[in-house]
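Visitor: Have a look at this prediction, sequence included:
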Protein chains: 2
Amino acid sequence: MTGKIRRGRPRQAEVARLAGVSQTTVSLVLGGNKQGIVIQESTRQRVLEAARTLGYVPDPAARRLAAASNNLLGVFSFTATFPTDPAHSYYPFLVGVEREAAERGFDLVLFTGSSSGGGRAAAPGALERVRLADGCLLFGRHVPTEPLRRLVDDGFPLVHVGRRDEIAELAWVGADYVAASSEVVAHLVDAGHRRVVLVREDDDAPASTDRERGFREGLATAEGTVVRVGAPARELTPEWVLRQRAAGVTAFVAEETDTGAVWRALHDAVAAAGLRAPEDLSLALLGSPPPDLPLATPVTGFDIPRAELGAAAVRALTDLLAGQRPGATLAGCAFRPGATSGPPPAKEAR
Amino acid sequence: MTGKIRRGRPRQAEVARLAGVSQTTVSLVLGGNKQGIVIQESTRQRVLEAARTLGYVPDPAARRLAAASNNLLGVFSFTATFPTDPAHSYYPFLVGVEREAAERGFDLVLFTGSSSGGGRAAAPGALERVRLADGCLLFGRHVPTEPLRRLVDDGFPLVHVGRRDEIAELAWVGADYVAASSEVVAHLVDAGHRRVVLVREDDDAPASTDRERGFREGLATAEGTVVRVGAPARELTPEWVLRQRAAGVTAFVAEETDTGAVWRALHDAVAAAGLRAPEDLSLALLGSPPPDLPLATPVTGFDIPRAELGAAAVRALTDLLAGQRPGATLAGCAFRPGATSGPPPAKEAR
DNA sequence: CCACTCAACTAATACGCATTAGCGAGCACG
DNA sequence: CGTGCTCGCTAATGCGTATTAGTTGAGTGG
C-alpha cells in the first residue's frame, strides 16, 4: 500500500545535503546559534534557500529533547477550553493570549487531555503532557495541586491565570479585585451612601476574600456589613432586602462568581420587593453580570480585563522562559459607572 | 549560565538501576510494549515499584521523537483564531474539534503565525509551520492556494473545513449549502412568493456559489434575481429595497458571510425603509445571524452544524493519518423556520 | 619558512525513549 | 550429547536537533 508515505517532513540532514553543507551548519543557520559561530553569508543564504525549497520545519520534540526550546506555549485547563456554552469559556482570555503569543513568535498548544471524552474525569497524568511545550498557561481554579507541584519543583515554566497562592513558587497573573472593589464602593460612598451591604458566597476563594477586602477599604468612614450566603436564591428574599433598608442600608453590593448566583438572587429579590435601582436603592456588582442575563440598564461595577490578563500571562511566561522571575502581575480593572447606582433616596438620607 | 537544574525528573535509566534491570526492560514495562515481549511478573513488579519510588514520568518529547509522531493536530486559519470580536471566530467549530481530538488522544496546536501583529499580512511561510503537527485542519475561505499545494504534494495530511475544490487531492468537510439554501427558498415559494432576490457578496468562494445554486434550485417556478454587492452597507439602501418591492419582489434572501455584512446591511435598509418582516416583506438568511446582533425575532434560515463539522474534520484527519482516504463529508444543515418570513402581503400578491 | 592565529566548517556526541536484534540459560527431543 | 526451541532479558541503535570539540586551509608575524 502506498498510502503510508512518511516522506513528509524534511530533516536538517536533507537540507544539508541540498545545500552541500553539514547538518551542524544547517542547525547553526536555522537554529539560534547562541554560540555566535561565524558562518559566511553566502553559505547562510544557500542553507536558507535550501530550507525554503524543501519547506523545512524543525521538529518540536527533537528540539525539546536536545534541551532547547520549541516555540510552543501550552494552554491547559481542567475544563474543556471550548465548552459548548461559550459563556463558560476562556475565550476572552484567549484573545489576548493569541495576540501576545503571535507577537512573540510562539504558537499555542491546546492540551485537550483534560477534556477527554467531554466528561469530567481528567486522565491521570494529563498535566504531564504539557512538558512538550516550553512552558504552559494554566486556567481555572480547579487545577489540582499535587501534579502541579511536581512540575513546579522540576522548574517547568508555568503561569497560572488567576490568583494562586498555595504553591509559593508558582507564578500567576490576576486582576486587582481589591482596588477595583474599593473603587466601586467608594463611588457609592461618594454618592452619599452611609450604610452599605456586601453579599458574598460562603466560600474562601482568593477572588472572594480580595473583594471583601476592597469593600472594606472603599467604605472609608461609611458603615458596611458583610453577609455570607450559602444558598443565594433562598436566603436573599424580598423581606431580607426590606429589612436591610429599614435598618438604614441604601446600597447593596454583590460579588461576582462563576455562576453569577449571588447577583441574580439579589437582583431578583430587589425586583420582587417592588424596588428599583437607582431610585429606591443603589446596586453594584463587583465584576461583570452573567452574559446570559442581558439587562436593560448597565450595572455599576467593574470589568475584568480578560484579554489583557491573557496577554499579561503570556508575557510572564516568556519572562520565565528568559530566566527572569516575573513579579506576579495584578491587572487593573476598569470601573464601570453603570446606571444602577446614584444618591440615596432623599427621604431616608441622613 | 548553569541552566536548569536537571536533577528534577528521573529517567528510565535511573529506574532501571534501582530495579536492577536494563533501561529496555523499564521501557517495556512502563511503555506500551506493543511487541508483546514477555516479562516475568516479579521483574515487572520490581520495575513498577522503583518507578513509583522515584516518581518517574516519561518525557513526552523523547517519547514522540522515538515514535515518529507527536499526537499533535494543527489548526490553521489566515485570520486570527480568536479575533477580538467573537462573532468572527471559529469558536463553534472548535467546540467539536476539541471534543473529537480529545477523544482520540490528540492535542491541538494553534498556529498563530497568520495573525501576527493582529494585522492582515501573513508572514511568508507561515503555513509551513503546520508541518510541526502530524496533520492540520484549515479554516476559512481565504487560505491561499499555492503554499497549500506544496503541503498536499508532499503528502502532508490536511483537511479543509469548508468546500475546497481547486486542489483535487485536498480533503475537506463542508456543509451542504446547496440543499439547505434550496430548502429555505422553497419555503418562501411555498408561502406564495413569486419574486425573490438573493443578495450576496461579490466574491466567488465556494460557500457563496453553493448558496446561489441552492437558491436557484429552490425557486422552482418562481422568479429569482441575484444581486452582487461589493460594499453592502453602501449599496443596500432603503431606496433600493423600495425599488425592488415596486418591481414585485416580496422576499429577500441574504447569504451569510464571515462578517455578516450583507445581512446587517439588508436588515438595516429594510428597517430604514420603514418596512417590517414578515408583515410587509419576507426576509431569510442563508445561515445564522451574527451573534452580536441579537434580534427579537428569530430569522428564517438554516443552522450550520458547526461543532459537528469540526468533529467530522478531526475524524477525516485522523483517517488520513491512519492511511485511509476519507470521503469528503457533506453535513446537512438544520432548517430554521424563524419568524421573519410568511406569505407575501395581500395587496401585492398576484 | 615555521609556528600560530583565525575563519569557517564538520565530526561526534548527548538528549530520553522505543524498538530490533540477539544472547544465554534451560529444556525437550532424537 | 548435540540440536533446536522457548523464555526472559539486554545491547545496540535510531529518532532529529543542539552543542562541544575538533579540523582544515588561509593568512600573519617574526
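Guide: The structure has been received and is ready for your questions. The model shown is predicted, which means the values in this text are computed figures rather than measured ones. Numbering: from 1, shown residues only, chains lettered A, B, ... in the order given.

Visitor: Pick out the residue of the stretch 251-350 of chain A closest to DNA strand C.
Guide: A:L321 (18.4 Å; Cβ to the nearest atom of the strand). C-beta here means a position set from N, CA and C on the backbone, and glycine is covered the same way.

Visitor: what's the distance between that residue and DNA strand D?
Guide: 13 Å (Cβ to the nearest atom of the strand, to the nearest Å).

Visitor: Are we agreed that A:V253 is in a strand?
Guide: Yes. Counting by DSSP: H, G, I helix; E, B strand; the rest coil, A:V253 is part of a strand.

Visitor: Okay, it and chain B: tell me how far apart.
Guide: Using Cβ to the nearest Cβ, to the nearest Å, we find A:V253 at a distance of 28 Å from chain B.

Visitor: what sits against that residue?
Guide: A:V184, A:V185, A:L188, A:V196, A:V197, A:L198, A:V199, A:F215, A:L283, A:A284, A:L285, A:L286 (Cβ atoms under 8 Å, 6 or more residues apart in numbering or on different chains).

Visitor: what about the second one, neighbour count?
Guide: Translated: A:V185. By other Cβ atoms under 10 Å in any protein chain shown, 27 other residues sit near A:V185.

Visitor: do the fourth one as well
Guide: Using other Cβ under 10 Å, the number of residues around A:V196 comes to 23.

Visitor: Now do whichever strand or helix holds it: which elements does it pack against?
Guide: Here A:V196, judged by DSSP states H and E, is contained in strand A:195-201. Contacts defined by 3 or more Cβ pairs under 8 Å, 6 or more residues apart in numbering or on different chains; DSSP states H and E place strand A:195-201 against helix A:177-190, helix A:206-219, strand A:223-229, strand A:251-255, helix A:261-272.

Visitor: Pull out the buried residues from the third one.
Guide: Neighbour counts over strand A:223-229 (16 or more other Cβ atoms under 10 Å in any protein chain shown) mark A:G224, A:V227, A:V229 as buried.

Visitor: and those as TSV, adding distance to DNA strand D?
Guide: Shown next, in TSV, are these (distance: Cβ to the nearest atom of the strand, whole Å):
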residue	distance to DNA strand D
A:G224	57
A:V227	58
A:V229	56
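
Visitor: can I get those in JSON lines with distance to A:S69?
Guide: Compiled in JSON lines, these are given as follows (distance: Cβ to Cβ, whole Å):
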{"residue": "A:G224", "distance to A:S69": "50"}
{"residue": "A:V227", "distance to A:S69": "50"}
{"residue": "A:V229", "distance to A:S69": "48"}
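
Visitor: Is stretch A:334-350 positioned near chain B?
Guide: No. Using Cβ under 8 Å from any Cβ of the partner chain, stretch A:334-350 stays clear of chain B, with a minimum separation of 15.7 Å.

Visitor: May I have that stretch exported as PDB, CA atoms only?
Guide: Provided in PDB are the C-alpha atoms of stretch A:334-350 (Å, rounded to 0.1, in the frame of the first residue of the first chain):
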ATOM      1  CA  ALA A 334     -11.900  49.200  34.600                       C
ATOM      2  CA  PHE A 335     -14.600  50.900  36.700                       C
ATOM      3  CA  ARG A 336     -18.000  50.800  35.000                       C
ATOM      4  CA  PRO A 337     -20.300  53.600  36.200                       C
ATOM      5  CA  GLY A 338     -23.400  51.900  35.100                       C
ATOM      6  CA  ALA A 339     -26.800  53.100  35.900                       C
ATOM      7  CA  THR A 340     -27.900  51.100  38.900                       C
ATOM      8  CA  SER A 341     -26.400  53.400  41.500                       C
ATOM      9  CA  GLY A 342     -27.000  57.000  42.400                       C
ATOM     10  CA  PRO A 343     -27.500  59.100  45.500                       C
ATOM     11  CA  PRO A 344     -29.500  57.500  48.300                       C
ATOM     12  CA  PRO A 345     -33.200  58.300  48.300                       C
ATOM     13  CA  ALA A 346     -33.800  61.700  49.900                       C
ATOM     14  CA  LYS A 347     -36.400  60.700  52.500                       C
ATOM     15  CA  GLU A 348     -34.000  58.300  54.000                       C
ATOM     16  CA  ALA A 349     -30.700  60.100  53.700                       C
ATOM     17  CA  ARG A 350     -29.300  61.300  57.000                       C
END
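
Visitor: ranking the helices and strands packed on strand A:195-201 by burial, who's on top?
Guide: Stretch with highest mean neighbour count among the helices and strands packed on strand A:195-201: strand A:251-255 (a mean of 29; mean count of other Cβ atoms under 10 Å in any protein chain shown).

Visitor: Would you mind extracting the C-alpha trace of that strand into CSV?
Guide: Output of strand A:251-255 as CSV, limited to C-alpha atoms (Å, rounded to 0.1, in the frame of the first residue of the first chain):
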residue,chain,number,x,y,z
ALA,A,251,-26.7,50.4,48.8
PHE,A,252,-26.2,46.7,48.1
VAL,A,253,-23.1,45.2,46.6
ALA,A,254,-22.8,41.7,45.3
GLU,A,255,-19.7,39.7,44.4
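
Visitor: gap between that strand and the chain center?
Guide: Here strand A:251-255 is found 24 Å from its chain centre; the criterion is Cα atoms, centre = their mean, to the nearest Å.

Visitor: what's the answer for stretch A:331-341, then?
Guide: The answer for stretch A:331-341 is 19 Å, by Cα atoms, centre = their mean.

Visitor: which other helices and strands contact the helix or strand harbouring A:E100?
Guide: Assigned by DSSP H and E, A:E100 belongs to helix A:91-103. Using 3+ Cβ pairs under 8 Å, 6+ apart, the elements in contact with helix A:91-103 are strand A:72-77, strand A:107-110, helix A:306-321.

Visitor: tell me what the last one is packed against?
Guide: Read that as helix A:306-321. strand A:72-77, helix A:91-103, strand A:135-139, strand A:158-161, strand A:171-175, strand A:329-331.

Visitor: And for the residue of the stretch 151-300 of chain A found nearest DNA strand C, the neighbour number?
Guide: Closest to DNA strand C within the stretch 151-300 of chain A is A:D154: 11.1 Å, counting by Cβ to the nearest atom of the strand. When neighbours are defined as other Cβ under 10 Å, A:D154 has 16 of them.

Visitor: Does the helix or strand of chain A with the lowest mean pLDDT reach chain B?
Guide: Within chain A, no helix or strand scores below helix A:145-153, which has a mean of 84 by mean pLDDT, DSSP states H and E. Yes. Using Cβ under 8 Å from any Cβ, helix A:145-153 reaches chain B at A:R150, A:D153.

Visitor: That helix to strand A:171-175, inter-axis angle?
Guide: 120 degrees (axes from the mean of the first three to the mean of the last three Cα atoms, to 10 degrees).

Visitor: Could you list the buried residues of helix A:145-153?
Guide: Neighbour-count burial for helix A:145-153, counted by 16+ other Cβ under 10 Å, picks out A:P147, A:L148, A:R150, A:L151, A:V152.

Visitor: Also stretch A:273-280?
Guide: Applying 16+ other Cβ under 10 Å to stretch A:273-280 flags A:A273, A:L275, A:A277, A:P278, A:D280 as buried.

Visitor: And the fourth one, how far from DNA strand D?
Guide: It stands for A:P278. 61 Å.

Visitor: So that residue versus A:P337, what's the distance?
Guide: 11 Å (Cβ to Cβ, to the nearest Å).

Visitor: now do the third one
Guide: Taking Cβ to Cβ as the measure, A:A277 falls 13 Å from A:P337.

Visitor: for the first one, same thing?
Guide: Spatial separation of A:A273 from A:P337 under the definition Cβ to Cβ is 24 Å.

Visitor: Could you do the second one as well?
Guide: Applying Cβ to Cβ, one obtains 21 Å for the distance of A:L275 from A:P337.

Visitor: so where does the residue nearest to A:L18 when sequence neighbours are not counted fall, helix or strand?
Guide: Beyond its immediate neighbours in the sequence, the residue positioned closest to A:L18 (Cβ to Cβ, 6 or more residues apart in numbering or on different chains) is A:A50, lying 4.1 Å away. A:A50 belongs to helix A:41-54 when assigned by DSSP H and E.

Visitor: which parts of that helix are buried?
Guide: Quick answer for helix A:41-54 (16+ other Cβ under 10 Å): A:R44, A:R46, A:V47, A:L48, A:A50, A:A51, A:L54.
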